[in-house]
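J.: Below are the sequence and a predicted model; questions follow.
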Amino acid sequence: MYHLLGPGYRIDESKRRVSAPLVIGGMNTGVNIEVRAGGSAVDFQTVPALMYSHPEITLGMVKTHQALATYALFPVTAVFAPLTKSPGIIMWDPASHPTWRGIADIGKSDVKVLVSPGALYTSLLVREGLIKPSQIDASYDGTPTKFVTNPTMAMQGFATYEPYYYQHHVPAWGKPLKYQLLADVGYDEYEGTLAVRAGSLRPLSACLSKLVPILQRSQIEYINNPGPTNQLITEVVRKYNDGWGYNRETADYAAQLMRSSKIVANDSSGPLGGMDPGRMQSILTAYSTSYQEAGAKIKRGLTVANVATNEFIDKNITLR
């Protein structure tokens, strides 16, 4: 049993943190783990910036493109990728668009695509000719209001959340949605890798050699038996009470979908949690172009080895 957060966890609503003992094989290791919320709880600071202002943080959840964008100021290196594919989607109402089968069909129309301000994947979709620049509506505020009141729009989301939640828990909607994974149209982002400060990689190597295989096994245990963790997640959401709707049924749906859609799966490099160097290079190349087009400065000479390593991954740990 490789539950990271064992019995006796404590939820601090005011600081948006969960602390608990590290439990391996049913035994308390004597090591305590603290999981901190991001977003509004940290005034929307980027995770790499937060890690450098709070050196007690060991690991941060960092998207590959974010690591690339912030490396010049806050260099971090990913050591574990819990998700093999991004759960990001573009979704639509099948009643409004009965002939659409994927994102390419959206691009053949003039329908607006509602996305968050600064969503970087839109530039990739435009470059690939899947949608037109004129279709992008970057005013998504995280609520269903705009989509529900104008169901002819397409909208960003996560396969693990919106399709189920909108159908079952948004009374103003209450019907199925169609969607396509961004990962299926070339969005190869490693979503939410766990990373350390680049300068801490060597000092932490002994710890990471033991910890990363535990993270691999924990992810496998979760996807095979998500119930206990989903219960904790929904309790945390309820106690944080920040307006985000999430419940046990949605969490169970997400776990099932992550397995069936291979969002959690063995990486193309072999083990679960690994990061394929060829794929990482493609991500760096694609996003370097996107950032340069936007006028951002990327650290010169940045390589895959700077932003990710499989050094601590146990190649024998796979999902079966």
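T.: Now that the structure is in, tell me what you want to look at.

J.: Longest strand in the protein, please.
T.: Longest strand of the chain, by residue count under DSSP state E: strand 27-36.

J.: That strand - contacts with which helices or strands?
T.: Contact analysis of strand 27-36 by 3 or more Cβ pairs under 8 Å, 6 or more residues apart in numbering; DSSP states H and E lists strand 17-24 as its packing neighbours. All C-beta spots, glycine's among them, are computed from the backbone N, C-alpha and C.

J.: and the strand it packs on, which residues are buried?
T.: When neighbours are counted by 16 or more other Cβ atoms under 10 Å, the buried residues of strand 17-24 are found to be R17, V18, S19, A20, P21, L22, V23, I24.

J.: Could you pull out the helices in the stretch 101-250 of the chain for me?
T.: With DSSP state H, counting those that start in this stretch applied, the stretch 101-250 of the chain shows helices at 103-107, 121-127, 145-149, 162-169, 205-224, 227-240, 248-260, listed in chain order.

J.: what's the offset of the longest strand of the chain from the middle of its chain?
T.: Average the C-alpha atoms of strand 27-36, do the same for its chain, and the two points are 23 Å apart (Cα atoms, centre = their mean, to the nearest Å).

J.: partner strands of that strand, parallel or antiparallel?
T.: Within its sheet, strand 27-36 is paired with strand 17-24 (antiparallel), according to DSSP bridges.

J.: CA-only coordinates of the strand it pairs with in CSV, if you can.
T.: As requested, the backbone C-alpha atoms of strand 17-24 are provided in CSV (Å, rounded to 0.1, in the frame of the first residue of the first chain):
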residue,chain,number,x,y,z
ARG,A,17,-3.3,23.2,3.3
VAL,A,18,-3.5,19.5,4.0
SER,A,19,-0.9,17.8,6.2
ALA,A,20,-0.6,14.1,6.9
PRO,A,21,1.9,11.3,7.7
LEU,A,22,3.6,9.4,4.9
VAL,A,23,2.3,5.9,5.1
ILE,A,24,4.0,3.0,3.2
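
J.: and the angle for it with helix 227-240?
T.: Using axes from the mean of the first three to the mean of the last three Cα atoms, to 10 degrees, the inter-axis angle of strand 17-24 relative to helix 227-240 is 160 degrees.

J.: and the angle for strand 17-24 with helix 205-224?
T.: 90 degrees.

J.: related to what we said a few turns ago, quick one: mean pLDDT over the longest strand of the chain.
T.: Here strand 27-36 scores 84 as its mean pLDDT.

J.: Mind listing what's buried along it?
T.: By neighbour count, and taking 16+ other Cβ under 10 Å as the criterion, the buried residues in strand 27-36 are I33, V35, R36.

J.: With that, I have no additional questions.
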